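Participant: no sequence for this one, just the structure:
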């Protein structure tokens, strides 16, 4: 209250009475007439019904005081003192405070005037919350402290889609602003911007406040000052039909919270938000199956990533699916209060928050690397299906887009995205009920030929297996093309040659290859941007030639397609084409797999053996045993860089590796690449 005066409040959670202790210290030497003319003290406002003064006390100094230092003990002042002490004092007879009649009877705030309060004074006041807040509290308890609340919220949660839960729990500032409703994250003074608009941001802060009993936290101050936070939380859910019922329930409970004394609102806000957050997350994780719902806390937190990264963003829509697609299809919903309609097919953010909206949100490679963990292992099969088919419709040059940009602005400069897409289809077939049916699902091709203009949905339909076959065919034929709209407007960092792309299959080894030293077609795609350092337009990791994880993904794909053919789920067991000279070529899936199997170890494994090998340049080897990162790179020494892409290859095609060699390399990975928070992208001794 001032440098020498403090007020301490203690609240009884059982009968909801509060005791307020105000005491004035003398941290500095008081003046000689301090007891005759006590320093003024500003009035204090308290909430609730004033029940009375529990006690008031004052220690008077009546004579000269002295101080004698003792080397062994802490000593105080010695002198003459008198003690004034009274219990149960009425406000009318109090020596310290006065309270106006209207203030004493007021409902919300009471003003306590300090008429005499010198150093050494102590007063304890008792308040209760009053009749109306007591009634509101009873309603809050009735809503929350039994199974009815959990049951009600659980019932609502069963109807929530992935997009609904993204909105309820997460939603970045950029995503919220993209809705065009004037929204954004809630602002709280004196703390950094919240990471999300949804309940997760508030729950995270409340957990920290609870642990440290930090009632002075800016969030608590904001709640005591007004009802804006509660109105924000429910209000942002009212624009979408599926979340209106939850908004209604929140408003009904918040209406009672708002009737509480302001100093108690943070406590009951915490109770409400925690109840809703815990129930919604419990229900949302239960739908993922027992591996998640009964898994470790770490597993459950990882699974929440589904709702964190998957949502609907109007500026980053997926290409529309064929109108002839066999149901289920993503329903079209209407935003309440407007004529705006949109598909409920979710897309995956490449990363928060810079890759949340607009052209930067949807990337083929990132999407299909993440699809298995975010949507397939969590059993959100229809959402995964819609994404697979949407990207399939954009196949061009035998490639899945790197940057999607709704299909019409797609960039085809990722050599690996199509193989991660194929791996996602394999995983869908393996994990989804009747997963093989996706191979017959209708794909609406946006580009019927590589040079065609974008077509309307349904104009060029084909089954997914035909799209897959075209991707393999283009690779076997080999293809060189230049990106459309190549130049500064498309990519400000890339040099002129970097816009040239190539793909192919080495029929001697079965290895997929592509790229050039001026572009970076795999996930390690950092392009140099500094003119001062002389690296502008020079990729840090071109990884041209045959990248180890793409070779493994290709082997996994052709093995799986061969299996699908034997089961009658895929129409062919081979790729057949004509060369530019008219020569007919055939590559069976089984033969393709055998080529890779027999070629991989001799060309990729570098052991400690000093023996000669036509595939290994010992003058470039700086560590053994390793598997090369690439084979046949133009920058030949880059083949021998030790990188973690080996691990991807081991996961998707473990049969490709010699077990003894693989274990020996894993030990080197453990020693050289595994860090405290993840994998290093390059061994420090590789340059």
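Facilitator: That came through, no problem. Just so we're clear, the structure is a prediction, and the values are computed from it rather than from any experiment.
Participant: which parts of the helix or strand residue 419 falls within are buried?
Facilitator: Assigned by DSSP states H and E, residue 419 belongs to helix 417-431. Residues of helix 417-431 classed as buried by neighbour count (16 or more other C-beta atoms under 10 Å): 417-429. No exception for glycine: its C-beta is placed from N, CA and C like everyone else's.
Participant: pLDDT value on residue 145, please?
Facilitator: At residue 145, the model reports a pLDDT of 66.
Participant: returning to what we had before: save the buried residues of helix 417-431 as JSON lines, and put in pLDDT too.
Facilitator: Compiled in JSON lines, the buried residues of helix 417-431 are given as follows (pLDDT from 0 to 100):
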{"residue": "417", "pLDDT": "98"}
{"residue": "418", "pLDDT": "98"}
{"residue": "419", "pLDDT": "98"}
{"residue": "420", "pLDDT": "98"}
{"residue": "421", "pLDDT": "98"}
{"residue": "422", "pLDDT": "98"}
{"residue": "423", "pLDDT": "98"}
{"residue": "424", "pLDDT": "98"}
{"residue": "425", "pLDDT": "98"}
{"residue": "426", "pLDDT": "98"}
{"residue": "427", "pLDDT": "98"}
{"residue": "428", "pLDDT": "98"}
{"residue": "429", "pLDDT": "98"}
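Participant: I'd like those residues laid out as JSON lines, including distance to residue 466.
Facilitator: Shown next, in JSON lines, are the buried residues of helix 417-431 (distance: C-beta to C-beta, whole Å):
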{"residue": "417", "distance to residue 466": "19"}
{"residue": "418", "distance to residue 466": "15"}
{"residue": "419", "distance to residue 466": "18"}
{"residue": "420", "distance to residue 466": "20"}
{"residue": "421", "distance to residue 466": "15"}
{"residue": "422", "distance to residue 466": "14"}
{"residue": "423", "distance to residue 466": "19"}
{"residue": "424", "distance to residue 466": "18"}
{"residue": "425", "distance to residue 466": "13"}
{"residue": "426", "distance to residue 466": "17"}
{"residue": "427", "distance to residue 466": "20"}
{"residue": "428", "distance to residue 466": "17"}
{"residue": "429", "distance to residue 466": "16"}
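Participant: now stretch 638-652: mean pLDDT?
Facilitator: 97.
Participant: So which residues of the stretch 251-400 of the chain form strands?
Facilitator: Remark: strands assigned in the stretch 251-400 of the chain by DSSP state E, counting those that start in this stretch are 310-311, 332-334, 341-343, 347-348.
Participant: moving C-terminal of the helix holding residue 419, what's the next helix or strand?
Facilitator: Scanning onward from helix 417-431 (DSSP H and E), the first element met is strand 442-444.
Participant: mind checking the end-to-end distance for stretch 308-321?
Facilitator: Counting by C-alpha to C-alpha, to the nearest Å, you get 24 Å between the two ends of stretch 308-321.
Participant: buried ones in it?
Facilitator: By 16+ other C-beta under 10 Å, the buried positions in stretch 308-321 come out as 308-313, 315-321.
Participant: likewise stretch 474-482?
Facilitator: Residues 474-479, 481 are the ones in stretch 474-482 that count as buried (16+ other C-beta under 10 Å).
Participant: before we move on, what about stretch 213-226?
Facilitator: 217, 219-220, 222-223.
Participant: Inside strands: which ones of those residues?
Facilitator: If you go by DSSP state E, these have nothing in strands.
Participant: tell me which of the residues you listed is nearest to residue 60?
Facilitator: Among the buried residues of stretch 213-226, residue 220 lies closest to residue 60 (C-beta to C-beta), at 38.2 Å.
Participant: who's in contact with the residue nearest to the closest one when sequence neighbours are not counted?
Facilitator: In this structure, residue 220 finds its nearest non-sequential neighbour in residue 266, 4.1 Å apart by C-beta to C-beta, 6 or more residues apart in numbering. Residue 266 makes contact with 209, 215, 219-220, 223-224, according to C-beta atoms under 8 Å, 6 or more residues apart in numbering.
Participant: Among those residues, find the lowest-pLDDT one for me.
Facilitator: residue 215 (89).
Participant: Can you identify the element that follows the lowest-mean-pLDDT helix or strand in the chain toward the C-terminus?
Facilitator: Of all helical and strand segments in the chain, the minimum by mean pLDDT, DSSP states H and E falls on helix 101-105, at a mean of 54. Using DSSP H and E, the helix or strand that follows helix 101-105 in sequence is strand 109-114.
Participant: That next one pairs with which strands, and in what direction?
Facilitator: Paired neighbours of strand 109-114 in the sheet (DSSP bridges): strand 44-47 (antiparallel), strand 97-98 (antiparallel).
Participant: Run the chain-centre distance for that strand.
Facilitator: The chain centroid and the centroid of strand 109-114 are separated by 47 Å under C-alpha atoms, centre = their mean, to the nearest Å.
Participant: rewinding a little: so which of the strands paired with strand 109-114 gets nearest residue 204?
Facilitator: For residue 204, the closest of these is strand 44-47, at 27.8 Å, according to C-beta to C-beta.
Participant: Contact partners for the residue nearest the centre of the chain?
Facilitator: By C-alpha atoms, centre = their mean, the chain has its centre lying nearest to residue 308, at 4.1 Å. Contact partners of residue 308, counting by C-beta under 8 Å, 6+ apart, are 166, 169-170, 352.
Participant: For those residues, work out which two are farthest apart.
Facilitator: Longest distance between any two of the contacts of residue 308 is 13.1 Å, between 169 and 352; criterion C-beta to C-beta.
Participant: So for these two, which sits in the more crowded spot?
Facilitator: Neighbour count, other C-beta atoms under 10 Å: between residue 169 and residue 352, residue 169 has more, with 22 against 17.
Participant: give me phi/psi at the more buried one?
Facilitator: Dihedral angles of residue 169 (phi, psi; degrees, to the nearest 10) stand at phi -100, psi -30.
Participant: Next, find the distance separating the residue nearest to it when sequence neighbours are not counted from residue 312.
Facilitator: In space, and not counting its chain neighbours, residue 169 is closest to residue 198: 4.5 Å by C-beta to C-beta, 6+ apart. If you measure residue 198 against residue 312 using C-beta to C-beta, to the nearest Å, the figure is 14 Å.
Participant: Could you name every residue contacting both of these two?
Facilitator: residue 166.
Participant: Longest helix in this structure, by number of residues?
Facilitator: As assigned by DSSP state H, the longest helix anywhere in the chain is helix 265-286.
Participant: Any chance of the strands of the stretch 251-400 of the chain in a markdown table with mean pLDDT and distance to residue 299 as columns?
Facilitator: What follows is the strands of the stretch 251-400 of the chain, written out as a markdown table (pLDDT from 0 to 100; distance: least, C-beta to C-beta, whole Å):
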| stretch | mean pLDDT | distance to residue 299 |
| --- | --- | --- |
| strand 310-311 | 96 | 18 |
| strand 332-334 | 83 | 31 |
| strand 341-343 | 81 | 31 |
| strand 347-348 | 97 | 20 |
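Participant: Could you dump those strands into JSON lines with distance to residue 76 added?
Facilitator: Shown next, in JSON lines, are these (distance: least, C-beta to C-beta, whole Å):
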{"stretch": "strand 310-311", "distance to residue 76": "65"}
{"stretch": "strand 332-334", "distance to residue 76": "74"}
{"stretch": "strand 341-343", "distance to residue 76": "74"}
{"stretch": "strand 347-348", "distance to residue 76": "68"}
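Participant: Quick check: which of those is nearest to residue 262?
Facilitator: Closest approach to residue 262 among the strands of the stretch 251-400 of the chain (C-beta to C-beta): strand 310-311, 35.1 Å.
Participant: neighbours of residue 671, just the number please.
Facilitator: 9.
Participant: Quick one: mean pLDDT for whatever helix or strand it lives in?
Facilitator: Here residue 671 sits within helix 659-672, counting by DSSP H and E. What helix 659-672 shows for mean pLDDT is 97.
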